[in-house]
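Enquirer: I would like the atomic coordinates for the input below:
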Amino acid sequence: MPSAFPSFSSRRFDSMRRPSFLLPVLLLASSLSHAEPPELDWLELMPEADRQALEDMPDIVHDTPETDGDFTARGGLKQKSRSLPAVMYSAKTVPALDGREIRLGGYPVPLENDGEGRSTTFFLVPYPGACIHLPPPPPNQIVLVRYPKGFRVDDISLPLWVDGRLRVEKISNDLADAAYAIDASGVEVVEEEGL
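Expert: Here you go, the predicted model:
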């Protein structure tokens, strides 16, 4: 299972010629106004025991009806087969992450749109096509994102940055079970130079 989302380089501020006594003040003000939350890696959402179990897991065979695109009739991102290792069903979380402002990169699985066709609620997953490939990520690798402003999803294979407050929150609907939620303050498509 693909796990870690690629790390992206942070933005750098151009240096300007200013009086030397203003430089520290300008740098602090600039970094505060342009600060991004700390980037979180997908594997950090899993307790250590789950990470180790994932590393030790044997290869998974993808010979089920869902591989032919029949995932909606089978439940979407929900695990249907009980023959996989227990880590693939894990909703165990990392309590220390609850309430942290974070930045998480991933791929959208749209759920709800506003009247103008912008996605306001979606699942964020660590790899593209998670809604049609088997096995789907475990619940502790699926994050429900609430973004009332909404954004247009033109291509679910384009990576996104989601900034906001992470919550340990169990969510279950017809499509998936998730162990975390983010009330997003910002959502943006990752530009190629950000990879």
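
Enquirer: Determine the number of other residues adjacent to residue 83.
Expert: Neighbours of residue 83 under the rule other Cβ atoms under 10 Å: 7. To be clear about C-beta, it is placed using only N, CA and C from the backbone, and glycine gets the same treatment.

Enquirer: With residue 164 instead?
Expert: Counted with other Cβ under 10 Å, the neighbours of residue 164 add up to 22.

Enquirer: what's across from it in the sheet?
Expert: residue 102, residue 184 (DSSP bridges).

Enquirer: pretty sure it contacts residue 181?
Expert: No. Using Cβ atoms under 8 Å, residue 164 is not in contact with residue 181, being 9.3 Å away.

Enquirer: Can you mark which positions in the helix or strand hosting residue 188 are buried?
Expert: Secondary structure from DSSP states H and E places residue 188 in strand 177-189. Using 16 or more other Cβ atoms under 10 Å as the test for burial, strand 177-189 gives 177-182, 184, 187, 189.

Enquirer: What are the contacting residues of that strand?
Expert: When contacts are taken as Cβ atoms under 8 Å, 6 or more residues apart in numbering, the neighbours of strand 177-189 outside the stretch itself are 45, 77-78, 91-93, 97, 102, 104, 123-124, 139-140, 142-147, 149, 151, 158-172.
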